[in-house]
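Asks: my questions concern the predicted model and sequence given below.
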Amino acid sequence: MIYLDNFRSTMVAPEVWDAMHTVAATDYAVPAAFTQCGTEAAELIERAQARLASAIGATPGEIVFTGSGTESINIAVLGTVRAQTDNAPEVVTSEIEHPATLAVCKALEKQGCKAHYLRVDAEGRYDLDQLASVINEHTAMVSLMAVNHMIGTVEPIAEAGEIVAHASARIGRKIPYHIDFASALQTQRLGVDTVKADLVSFSSNKVHGPKGVGALYVRKGTGTRPISFGAESYSVLAPGTPNTMGIAGFDKATELLYAAFDEDVARMRALRDHLANGIIERIPHILLNGPDGEGRSASHLCYSFLFIEGEAIMMFLDMEGIIVDTGSACAAATLKPNYVLMAIGRNHEQAHGSIRFTLSRYTTQADIDTTLEKLVPIVERLRAQSTIKPTAH
Amino acid sequence: MSIKYTAKVIEHFKNPHNIGTIEHADACATEGSPACGDEITVYLKIDPATDRIEDVKFQSYGCASNIATGSIITDLAKGKTLDEAEAITWKQAADELGGLPPVKMHCSVLAVDGLRSAIRQYKKEHKGIDYDTTLDVKTVTDELRHVLWPPIGADIITLKLVKYVGIDQGAVTVEISINADEKYLDPTIEEIIEHVSKIRGVKSVNVENV
């Protein structure tokens, strides 16, 4: 299988699996005081907190492990808005956020909270003027993302952080700023002070860790409240028995991520460019969705293949053992074209023909060559069958 | 919930029968639109002596089920008389494929609409049969039977989701009753507008969810 859907999930790295197996079979105690095994379990979590904290310029106590990136986002947004005393709280986010953030904001709207959805430009970058203009004394928090999942846009999160900080100073109250870093962790470095973030969400399964584990950075002093309750084994925000096996896996994944980060990113970028160049050279009538070059995540590519439909391309590639994703309405459970593509100004037809290719550090040159070799005739064949033909220029 | 196609759908998607065009076709009709995500064009060659479909071909802009339903309806139509082929239903086409996921059932409706449009075009041109309809509540209601509710794969009239159809000098109002939170609400409204707009005499379509 050639898996080019790594923005959805990634393979668990063999070393990660080994670390998880050890915890599952041998070190399975949960954190507890005064016993050797309980202490070791607590230290396992502390080591994982310290490693992630060190990578992002935080302190270990500011890292909480959760059940997923989605749970991190829920705690970050719901827990922070609920901590505010304003009678008419408002949240600021964007129209192209991950479905988890959008779903939380919609839920808040039903509870009477006002949500502002920032517009984006044709490459998916936030309208920062709009951000500056919508923050007001009722703003409970701002939640944005570092890399867009559908179109790979690297968002100006540091500039947004400046704007939130200035607005906070003007209003005379700290407005918490949350960054969804799930799609960014694989290719972007982060310093929480540099971007002035108060909360950051992470997902283990986007970086070759296991599914069912996420993390949340919460800057000390941010009044985020718990949204679920139980025994507080190590954090009030993540009650219940901690998933030590998953945390050990995420920790090993973090260690591997930063072992050769720059080299891995450079290799993914080179392979991604090789794929892009192959598509540009061999397939006419395409549109790149999202930015070109440095403004795009190094492992991400998304093209619309005009005059044909994405589910059909995706299924033909799947039959060849190549896994990709599409923003086509036909492949969506809602029968709607992908909202991110619509937000950057694509029409339904352009969104229907979209295919997203997302690489990992395990992607090889042979994977990309095979993908190109299979993709070209699939596109040609579907175009030959299509009712829509290119107009002669 | 897993959504998957039957082996027969996959087979027709991979190797569609009757794909392509017919030069100097006796009839050719296109249904759907790229903006709505799927479109099918059906070409017919008719034996005038017997009224049988000698040859039928199709082209498809759409997903796997769109291609597979185009393939199966052309298989079903080939060799049949115009009247027999016109009577093929979308349910029959879907059954022939071993079923379709409810959310994909609309592809079968589109394929059958494409075939019927081509047949009616031929009958109109060669037999003088007038399919032009007057704009009335019955015509609109009949057209709404081609709009399926995706979670169930049955039409919105049968499911009693349409509460009222009103016509005032070409302006059609369709009142539906669907939970506002339903994820399929917007695509369904779009499909109602697409279908009703093509009825002759319709100047505007207003869909209200009551």
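Replies: Yes, it's here. Numbering: from 1, shown residues only, chains lettered A, B, ... in the order given.

Asks: which SS class is B:T173?
Replies: Taking DSSP: H, G, I helix; E, B strand; the rest coil as the rule, one finds B:T173 in the strand state.

Asks: apart from its neighbours in sequence, what residue is nearest it?
Replies: B:G166 (4.3 Å; Cβ to Cβ, 6 or more residues apart in numbering or on different chains). From N, CA and C alone the C-beta is placed, and that goes for glycine too.

Asks: and that neighbour, what element?
Replies: Under the assignment given by DSSP states H and E, the secondary-structure element containing B:G166 is strand B:162-168.

Asks: follow-up on the earlier one: ok, the residue nearest to B:T173 touching B:T141?
Replies: No: distance between B:G166 and B:T141: 11.5 Å, which falls outside the contact criterion (Cβ atoms under 8 Å).

Asks: A:V265 belongs to a helix?
Replies: Yes: counting by three-state DSSP, A:V265 is found in a helix.

Asks: that one - how many residues pack around it?
Replies: Using other Cβ atoms under 10 Å in any protein chain shown, A:V265 is surrounded by 18 other residues.

Asks: give the helix, strand or coil label for the closest residue to A:G240 other than its chain neighbours.
Replies: Distance criterion Cβ to Cβ, 6+ apart; nearest residue to A:G240, sequence neighbours excluded, is A:G230 at 4.3 Å. The three-state assignment at A:G230 reads coil, by three-state DSSP.

Asks: ok, what's across the strand from the closest residue to A:E294 other than its chain neighbours?
Replies: Setting aside the residues directly before and after it, A:E294 is nearest to A:V154 in space (Cβ to Cβ, 6+ apart), at 7.6 Å. Partner residues in beta bridges with A:V154, using DSSP bridges, are A:V147.

Asks: and A:V154, how close does it get to A:L52?
Replies: The gap separating A:V154 from A:L52 is 21 Å, by Cβ to Cβ, to the nearest Å.

Asks: which of the two has more neighbours?
Replies: Just comparing A:V154 and A:L52: by other Cβ under 10 Å the higher neighbour count belongs to A:L52, 25 against 21.

Asks: after the one helix or strand the more buried one maps to, next one along is what?
Replies: According to DSSP H and E, A:L52 maps onto helix A:36-56. Scanning forward in sequence from helix A:36-56, with DSSP H and E defining helices and strands, the next element found is strand A:63-66.

Asks: list the strands paired with that next one, with their directions.
Replies: When pairs are called by DSSP bridges, strand A:63-66 turns out to pair with strand A:214-218 (antiparallel).

Asks: need the residues that contact the following helix or strand past the partner strand.
Replies: Helices and strands here follow DSSP H and E; after strand A:214-218, the next one along the chain is helix A:244-259. Applying Cβ atoms under 8 Å, 6 or more residues apart in numbering or on different chains, the contact partners of helix A:244-259 are A:12-13, A:15-20, A:22-24, A:27-28, A:30-31, A:41, A:44-45, A:47-48, A:51-52, A:55, A:65, A:185-186, A:204, A:207-210, A:212-213, A:215, A:264.

Asks: switch the cut-off to 7 Å
Replies: With Cβ atoms under 7 Å, 6 or more residues apart in numbering or on different chains as the test, helix A:244-259 has contacts from A:13, A:15-16, A:19-20, A:23-24, A:30, A:41, A:44-45, A:47-48, A:51-52, A:55, A:65, A:204, A:207-210, A:212-213, A:215.

Asks: ditto for stretch A:147-158
Replies: Applying Cβ under 7 Å, 6+ apart, the set of residues contacting stretch A:147-158 from outside is A:7, A:96, A:98, A:123-126, A:128, A:144-146, A:179, A:183-184, A:188, A:194-195, A:289-291, A:295-297, A:300, A:302, A:327, A:338, A:340-341, A:344, A:356.

Asks: of those, buried ones?
Replies: Buried residues within those, counting neighbours by 16 or more other Cβ atoms under 10 Å in any protein chain shown: A:7, A:96, A:98, A:123-126, A:144-146, A:179, A:183-184, A:188, A:195, A:289-291, A:296-297, A:300, A:302, A:327, A:338, A:340-341, A:344, A:356.

Asks: among these, name the ones in strands.
Replies: For these, the ones inside strands are A:L144, A:M145, A:I179, A:H300, A:C302, A:R356, with DSSP state E as the criterion.

Asks: which single one of these is nearest to chain B?
Replies: Of all these, the one sitting nearest chain B is A:R356; the distance, using Cβ to the nearest Cβ, is 16.4 Å.

Asks: circling back to that earlier point, go through the helix holding A:L52 and flag the buried ones.
Replies: Burial within helix A:36-56, assessed by neighbour count using 16+ other Cβ under 10 Å, is assigned to A:A41, A:A42, A:L44, A:I45, A:A48, A:Q49, A:A50, A:R51, A:L52, A:A53, A:A55, A:I56.

Asks: what do you get for stretch B:81-100?
Replies: By neighbour count on 16+ other Cβ under 10 Å, the buried set for stretch B:81-100 is B:T81, B:L82, B:A85, B:E86, B:I88, B:W90, B:A93, B:A94, B:E96, B:L97, B:L100.

Asks: so what's the second one up against?
Replies: By that I understand B:L82. B:L82 is in contact with B:I46, B:D51, B:I119, B:Y122, B:K123, counting by Cβ under 7 Å, 6+ apart.

Asks: with the third one instead?
Replies: B:A85 makes contacts with B:I53, B:A77, B:L115, B:I119, as judged by Cβ under 7 Å, 6+ apart.

Asks: what mean pLDDT does the helix holding A:L52 get?
Replies: Across helix A:36-56, the average pLDDT comes to 96.

Asks: any regions of the chain where pLDDT drops low?
Replies: If you meant another chain, say so; for now it's chain A. Applying pLDDT under 70 to chain A flags residues A:392-393.

Asks: right idea, wrong chain: chain B
Replies: Counting by pLDDT under 70, the low-confidence segments of chain B come to B:1.

Asks: how about the helices in it?
Replies: In chain B, the helices defined using DSSP state H lie at B:7-14, B:64-77, B:82-86, B:90-96, B:105-127, B:137-144, B:185-197.

Asks: now check stretch A:84-103, is it near chain B?
Replies: No: contact between stretch A:84-103 and chain B, assessed by Cβ under 7 Å from any Cβ of the partner chain, is absent, since the two come no nearer than 11.4 Å.

Asks: center of chain A - which residue?
Replies: A:S183 (2.6 Å; Cα atoms, centre = their mean).

Asks: what residue spans form the domains of the chain?
Replies: Reading this off chain A. Recorded structural domains for chain A (assignment: automatic domain parsing) are A:14-259, A:260-385.

Asks: please refer instead to chain B.
Replies: Using automatic domain parsing, the domains assigned to chain B come out as B:7-127, B:137-209.

Asks: winner for burial among these?
Replies: domain B:7-127 (a mean of 21; mean count of other Cβ atoms under 10 Å in any protein chain shown).

Asks: how about stretch B:159-175 as PDB, C-alpha atoms only?
Replies: The C-alpha coordinates for stretch B:159-175 follow below in PDB (Å, rounded to 0.1, in the frame of the first residue of the first chain):
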ATOM      1  CA  LEU B 159     -41.500  10.400   2.500                       C
ATOM      2  CA  LYS B 160     -44.000  13.300   2.900                       C
ATOM      3  CA  LEU B 161     -41.200  15.800   3.400                       C
ATOM      4  CA  VAL B 162     -42.900  18.200   1.000                       C
ATOM      5  CA  LYS B 163     -45.800  20.000   2.700                       C
ATOM      6  CA  TYR B 164     -46.900  22.400   0.000                       C
ATOM      7  CA  VAL B 165     -46.400  23.300  -3.600                       C
ATOM      8  CA  GLY B 166     -47.600  26.700  -4.800                       C
ATOM      9  CA  ILE B 167     -47.400  28.300  -8.200                       C
ATOM     10  CA  ASP B 168     -47.900  32.000  -8.900                       C
ATOM     11  CA  GLN B 169     -47.200  33.200 -12.500                       C
ATOM     12  CA  GLY B 170     -44.200  30.900 -12.900                       C
ATOM     13  CA  ALA B 171     -42.900  31.500  -9.400                       C
ATOM     14  CA  VAL B 172     -42.900  28.100  -7.700                       C
ATOM     15  CA  THR B 173     -42.800  27.800  -3.900                       C
ATOM     16  CA  VAL B 174     -42.000  24.400  -2.400                       C
ATOM     17  CA  GLU B 175     -42.400  24.000   1.400                       C
END
